[in-house]
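Asker: The following block contains a protein sequence and its predicted model.
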Amino acid sequence: MVGRALAAIGAAFLTLAVCCASQVATPVRAATALITSGQVAPHSHPAHTRRTAVALRLDPHWRITRLGAEHAIEGWADRTSVLPGEPVGLHVSSVAPRWSVTAFRMGWYGATGGARVWQASRLPGIPQVANSVDPVTNTVRTDWPTSLSVPTAGWPPGAYLLRLDSAAGQRFVPLTVRSPDTTGRIVLVDDVTTWQAYNQWGGYDLYNGPGGTADFASRSRVVTFDRPYDGDGSGQFLKLDLPTIAHAERLGLPLAYATDIDLHAVPTLLTGARAVVTLGHDEYWSTAMRSEVTRARDAGVNVAFLGANAVFRHIRLAPTRFGPDRDEVNYKAPSDPMLGVHDAEVTVNWREPPVPRPESVLTGVFYECNPVSAPMVVTDPENWVFAGTGASTGLALPHLVGPEYDRVNPGVPTPAGIEVLTHSPVTCRGVASFADSAWYTVASGAGVFASGSNWFTYGLPEAGASATTARVVGGELTNLLLAFAAGPAGLAHPSRSNLAGLNEFAGDPVARAYGQ
């Protein structure tokens, strides 16, 4: 089956011309090397349909080495994504008198990991007014003026980090250059709504107020993209998203790039696409996001959820003076003012009243608990995703389940014919259970994969994994992406329910809590 999938996409392989490209590997060579050894495959570059107008210079020095003091330098972009050629406003606060910014395209560049595409230097530094806090929603806002308009003419689609540099420190600002066309491509989606939900810059996020983890009552009900990200400024990109992007580019597959804000804003984003892959921890979904992915699945577009807890929180998006879809609304409670006005848009968890729509209808799996840390245990090694990986029944891959996990739970709405691929014993908050990854297919021929764990991508060689873990997880994702690139994967790989052999679902407390 792997050979058939490899052959099917061979003719579709295109190359991106960059200034320092080495000989490009075919998908067959790259995939074979990855599955069989878990080692770095021959150098390849992401596929695009035309040459780029800029030179990409591989740069091993893209990382931050001088973070500096908090608020020494930081910034935010007034768009989460742009089409190539569209400018983006950069809003920067700096205590140093001069600063510079360098744009790096992030992906598969061998050990380098980043390619420099643009730079501006000796820009005047101005410390901006810190922020304001809305007393009703505890929304932390900045009103910083535009420091610089960043041009993106000639930038190839992809995931970018803009690095701010000054004598006082460094920070990142993430930006996605969205693909103008997704036809025939695997669409990689950066989960920026979840990054923002966990962003504690200014002392508030959608979980906590200034008092920390015990301050749930003072949390934000609305967070805004009109502020920097905390930490190094990159959100969850480096830890959870970049390894998958690098892995997919390494295979030389036809790819497209977007954010989940684009899923919300562009109703036909996935029309004609081969697959959509949500990266990392993709928890926060609007109605439009969920509707577009569901529509695409039912039209034959494959779907992969590479983290747990996907499609769990229901959000709305609203404009600010800086642009559309800049505010992210999530009350986590019926206190949402939409209650009784537009019940389907009340921002509780998707599975909860007043209009319950559990995530398992789309993802196949049902979020259960956190935190855990456990091995991922293979239960269905004969499934096609494990072909060529050497996986065997009971193989335990350490430290791949956590901190949040999902489970296939027949006590809640679950797609017919779902197949459990890994079934990993866990104990969460004193209760023994299982974390599952799963595969199901639908009438359109589309296949849907859910990893069931936020740490699944830690098993990729691009994330630093090695030996058996890299071989199995890297090979599994390779098989999945190759099959996705060939078309509706369910036609060649229909799911077959194997729940009859898994008896641990009886009396499930989550099923009872859901009211089934």
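Answerer: Yes, it's here.
Asker: contacts and neighbour counts: CA atoms only from here.
Answerer: Noted.
Asker: what are the C-alpha coordinates of stretch 213-224, in CSV please?
Answerer: Once non-C-alpha atoms are left out, stretch 213-224 reads as follows in CSV (Å, rounded to 0.1, in the frame of the first residue of the first chain):
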residue,chain,number,x,y,z
THR,A,213,-3.6,29.4,38.0
ALA,A,214,-5.9,29.9,41.0
ASP,A,215,-7.4,33.1,39.4
PHE,A,216,-10.0,31.6,37.0
ALA,A,217,-12.7,34.1,38.0
SER,A,218,-10.5,37.0,36.9
ARG,A,219,-9.6,35.5,33.5
SER,A,220,-10.2,37.2,30.2
ARG,A,221,-13.5,36.6,28.4
VAL,A,222,-12.0,38.1,25.3
VAL,A,223,-8.4,38.1,24.2
THR,A,224,-7.0,40.1,21.4
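Asker: all numbers from here: first residue = 38
Answerer: Okay, residue one is now 38; in that scheme the one you just asked about reads as stretch 250-261.
Asker: now that stretch: how far from the chain's centre is it?
Answerer: Between the centre of stretch 250-261 and the centre of its chain there are 23 Å (CA atoms, centre = their mean, to the nearest Å).
Asker: What of stretch 415-432?
Answerer: 25 Å.
Asker: how about low-confidence regions in the stretch 388-537 of the chain?
Answerer: Within the stretch 388-537 of the chain, no stretch has pLDDT under 70.
Asker: where exactly do the strands run in it?
Answerer: With DSSP state E, counting those that start in this stretch as the criterion, the stretch 388-537 of the chain has strands at 403-406, 411-414, 433-438, 442-444, 456-465, 468-478, 484-487.
Asker: Just list what the last one packs against, helices and strands only.
Answerer: Strand 484-487 sits against strand 339-342, helix 397-400, strand 468-478, with contacts defined as 3 or more CA pairs under 8 Å, 6 or more residues apart in numbering; DSSP states H and E.
Asker: Burial-wise, tell me which of the ones you listed comes out on top.
Answerer: Most buried of the helices and strands packed on strand 484-487 by mean neighbour count (mean count of other CA atoms under 10 Å) is strand 339-342; its value is a mean of 28.
Asker: export it as PDB, just CAs?
Answerer: Only the C-alpha atoms of strand 339-342 are listed here, as PDB (Å, rounded to 0.1, in the frame of the first residue of the first chain):
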ATOM      1  CA  ASN A 339      -8.700  14.300   4.200                       C
ATOM      2  CA  VAL A 340      -8.300  15.700   7.700                       C
ATOM      3  CA  ALA A 341      -5.600  15.200  10.400                       C
ATOM      4  CA  PHE A 342      -5.700  16.500  14.000                       C
END
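Asker: ok, that strand: who's next to it in the sheet?
Answerer: strand 312-315 (parallel), strand 484-487 (parallel) (DSSP bridges).
Asker: Can you name the residues in contact with that strand?
Answerer: 311-316, 319, 330, 333-334, 400, 483-488, 521, 524-526 (CA atoms under 8 Å, 6 or more residues apart in numbering).
Asker: Buried among those residues? Make that a PyMOL selection.
Answerer: Remark: buried members of the contacts of strand 339-342, expressed as a PyMOL selection using 16 or more other CA atoms under 10 Å:
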select buried, resi 311+312+313+314+315+316+319+330+333+334+400+483+484+485+486+487+488+521+524+525+526
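Asker: Just give me the neighbour total for N420.
Answerer: Neighbours of N420 under the rule other CA atoms under 10 Å: 16.
Asker: rewinding a little: export the strands of the stretch 388-537 of the chain as JSON lines, with columns for distance to Q156.
Answerer: Listed next are these as JSON lines, based on distance: least, CA to CA, whole Å:
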{"stretch": "strand 403-406", "distance to Q156": "43"}
{"stretch": "strand 411-414", "distance to Q156": "43"}
{"stretch": "strand 433-438", "distance to Q156": "38"}
{"stretch": "strand 442-444", "distance to Q156": "41"}
{"stretch": "strand 456-465", "distance to Q156": "45"}
{"stretch": "strand 468-478", "distance to Q156": "42"}
{"stretch": "strand 484-487", "distance to Q156": "39"}
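Asker: Just tell me which of the ones you listed ends up closest to V119.
Answerer: Nearest to V119 among the strands of the stretch 388-537 of the chain is strand 484-487; the distance by CA to CA comes to 28.0 Å.
Asker: Need the CA coordinates for that closest one. CSV is fine.
Answerer: Taking Å, rounded to 0.1, in the frame of the first residue of the first chain, the C-alpha atoms of strand 484-487 are listed here in CSV:
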residue,chain,number,x,y,z
GLY,A,484,-10.1,9.9,5.8
VAL,A,485,-9.7,11.5,9.3
PHE,A,486,-6.8,10.9,11.6
ALA,A,487,-6.6,12.0,15.2
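Asker: Contacts for that strand, please.
Answerer: 334, 338-345, 400-402, 474-478, 525-527, 531.
Asker: before we move on, what about stretch 164-181?
Answerer: So stretch 164-181 is contacted by 128-132, 238-241, 255-261, 263-264 (CA under 8 Å, 6+ apart).
Asker: Which of those residues fall in strands?
Answerer: 128-131, 259-261 (DSSP state E).
Asker: Pick out the most distant pair among those.
Answerer: The widest separation within the ones in strands among the contacts of stretch 164-181 (CA to CA) is 26.2 Å, between S131 and V259.
Asker: Can you check which helix is longest in the protein?
Answerer: helix 504-522 (DSSP state H).
Asker: about what we covered before: of the ones in strands among the contacts of stretch 164-181, grab the buried ones for ChimeraX.
Answerer: The buried residues among those can be selected in ChimeraX (16+ other CA under 10 Å) with this line:
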select :128,129,130,131,259,260,261
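Asker: With distance to G162 and pLDDT as extra columns, can I get the ones in strands among the contacts of stretch 164-181 in TSV?
Answerer: Listed next are the ones in strands among the contacts of stretch 164-181 as TSV, based on distance: CA to CA, whole Å; pLDDT from 0 to 100:
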residue	distance to G162	pLDDT
H128	11	98
V129	8	98
S130	7	98
S131	5	98
V259	30	98
V260	26	98
T261	24	98
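Asker: Looking at the ones in strands among the contacts of stretch 164-181, which is nearest L300?
Answerer: T261 (17.9 Å).
Asker: Count residues in the vicinity of the closest residue to that closest one other than its chain neighbours, would you?
Answerer: Nearest residue to T261, sequence neighbours excluded (CA to CA, 6 or more residues apart in numbering): D364, at 4.4 Å. D364 is flanked by 22 other residues according to other CA under 10 Å.
Asker: For the helix or strand hosting D364, which residues meet the burial criterion?
Answerer: With secondary structure defined by DSSP states H and E, D364 is part of strand 360-366. Buried residues in strand 360-366, counted by 16+ other CA under 10 Å: 362-366.
Asker: From the contact counts, what lies against it?
Answerer: strand 259-261, strand 350-357.
Asker: Distance to N516 for the ones you listed - can I get that in a markdown table?
Answerer: Below are the helices and strands packed on strand 360-366 laid out as a markdown table (distance: least, CA to CA, whole Å):
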| stretch | distance to N516 |
| --- | --- |
| strand 259-261 | 38 |
| strand 350-357 | 30 |
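Asker: do you know which of those strands lies nearest H301?
Answerer: Closest among these, using CA to CA: strand 350-357, at 8.6 Å.
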